[in-house]
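In: Here's a sequence, model it:
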Amino acid sequence: MSEIKPEPTLPDRLCVDPDSRYYDEALLERSIGIRLDGVEFTNVEEYCVSGGWIRTALGKTVDRRGKSLTITRKGVVEPFFKD
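Out: Purely as a prediction, here's the structure:
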């Protein structure tokens, strides 16, 4: 008989930057979607459900260290697995 593994839950906060303490490579290998106030965003760099914010990339603009510039948007954050 095969064991059914429970679906992993998404953390309260997650970031795509490997230097961040909220980075989780195993979770990011899966396809994760983020909705803010019911609108799905595809360019999210970091999110926080309890804080009610997401950081999205600001075009292709980068800072002097080569990291993308971001803008913080506030609202109801809903992370979900796309698969």
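In: Against residue 65, how distant is residue 58?
Out: 15 Å (Cβ to Cβ, to the nearest Å). Where you see a C-beta, it was placed from the backbone N, CA and C, and this is true even at glycine.
In: So which of the two has more stuff around it?
Out: residue 58 (13 against 5; other Cβ atoms under 10 Å).
In: Under a three-state scheme, what state does that one occupy?
Out: Under DSSP: H, G, I helix; E, B strand; the rest coil, residue 58 falls in the strand class.
In: Can you tell me the element the closest residue to it other than its chain neighbours falls in?
Out: Distances taken as Cβ to Cβ, 6 or more residues apart in numbering place residue 69 nearest to residue 58, at 4.4 Å, with adjacent residues excluded. If you go by DSSP states H and E, residue 69 is part of strand 68-74.
In: That strand: partners in the sheet, and parallel or antiparallel?
Out: Each strand paired with strand 68-74, and its direction, by DSSP bridges: strand 53-62 (antiparallel).
In: Centre of the chain to the partner strand, how far?
Out: Taking Cα atoms, centre = their mean, to the nearest Å, one finds the center of strand 53-62 at 12 Å from the center of the full chain.
In: what about the strands in this structure?
Out: Along the chain, counting by DSSP state E, strands occupy 13-15, 32-36, 39-41, 44-48, 53-62, 68-74, 77-81.
In: on contacts alone, who are the packing partners of the second one?
Out: Just to be clear, that refers to strand 32-36. strand 39-41, strand 77-81 (3 or more Cβ pairs under 8 Å, 6 or more residues apart in numbering; DSSP states H and E).
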